[in-house]
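Visitor: need the 3D shape of this:
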Amino acid sequence: MNITTKNIYTLYRVSGIGVKTIEKITDAGYNSIHELVSDCSQEELRKYISRKTAIEIITNNAEEHSDKIERELESLEENGITLYSKWDEEYPIGYQLLKDAPLFIYTKGNLELLNWKD
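Guide: Residues are numbered from 1 along each chain as shown. So this is what the prediction gives:
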């Protein structure tokens, strides 16, 4: 998994942050919870994130949240599950063509089957 996927997934797993919020944050040039903590004021965070609880997690518990998601990702890996996002080169072409493609997909097994052309 590339670092961008890991960082954006960590943001995505903050309660109150969904696809539209992720799009606002990444469009503004931020790709991690740590960038938001270090580079954004509370006022700027409110431009991207409407949920107060999400802002509190980002500003007060970013490290704890990141550690929790790191353990979650390790558990996925231990179970043979791979996470891909639209920021990964391996993200299946069929998904890329969808109008509302999922930001993330979980795979287990042969990823090539998702790129199979026939």
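
Visitor: show me the strands in the protein, by range?
Guide: Using DSSP state E, the strands of the chain run over 82-85, 104-107.

Visitor: highest average neighbour count across those?
Guide: strand 82-85 (a mean of 19; mean count of other CB atoms under 10 Å). Placement of C-beta: from N, CA and C, glycine included.

Visitor: pull the CA atoms of the longest helix along the chain into PDB?
Guide: Longest helix in the chain by number of residues, with DSSP state H as the criterion: helix 62-78. Provided in PDB are the C-alpha atoms of helix 62-78 (Å, rounded to 0.1, in the frame of the first residue of the first chain):
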ATOM      1  CA  ALA A  62      -4.500  12.500  15.800                       C
ATOM      2  CA  GLU A  63      -1.700  10.300  17.100                       C
ATOM      3  CA  GLU A  64      -4.100   7.900  19.000                       C
ATOM      4  CA  HIS A  65      -6.300   7.600  15.900                       C
ATOM      5  CA  SER A  66      -3.400   7.000  13.600                       C
ATOM      6  CA  ASP A  67      -2.100   4.200  15.900                       C
ATOM      7  CA  LYS A  68      -5.500   2.600  16.000                       C
ATOM      8  CA  ILE A  69      -5.800   2.600  12.200                       C
ATOM      9  CA  GLU A  70      -2.200   1.300  11.900                       C
ATOM     10  CA  ARG A  71      -3.300  -1.700  14.000                       C
ATOM     11  CA  GLU A  72      -6.400  -2.100  11.800                       C
ATOM     12  CA  LEU A  73      -4.200  -2.100   8.600                       C
ATOM     13  CA  GLU A  74      -1.800  -4.600  10.100                       C
ATOM     14  CA  SER A  75      -4.800  -6.900  10.900                       C
ATOM     15  CA  LEU A  76      -6.000  -6.700   7.300                       C
ATOM     16  CA  GLU A  77      -2.600  -7.600   6.100                       C
ATOM     17  CA  GLU A  78      -2.300 -10.500   8.500                       C
END
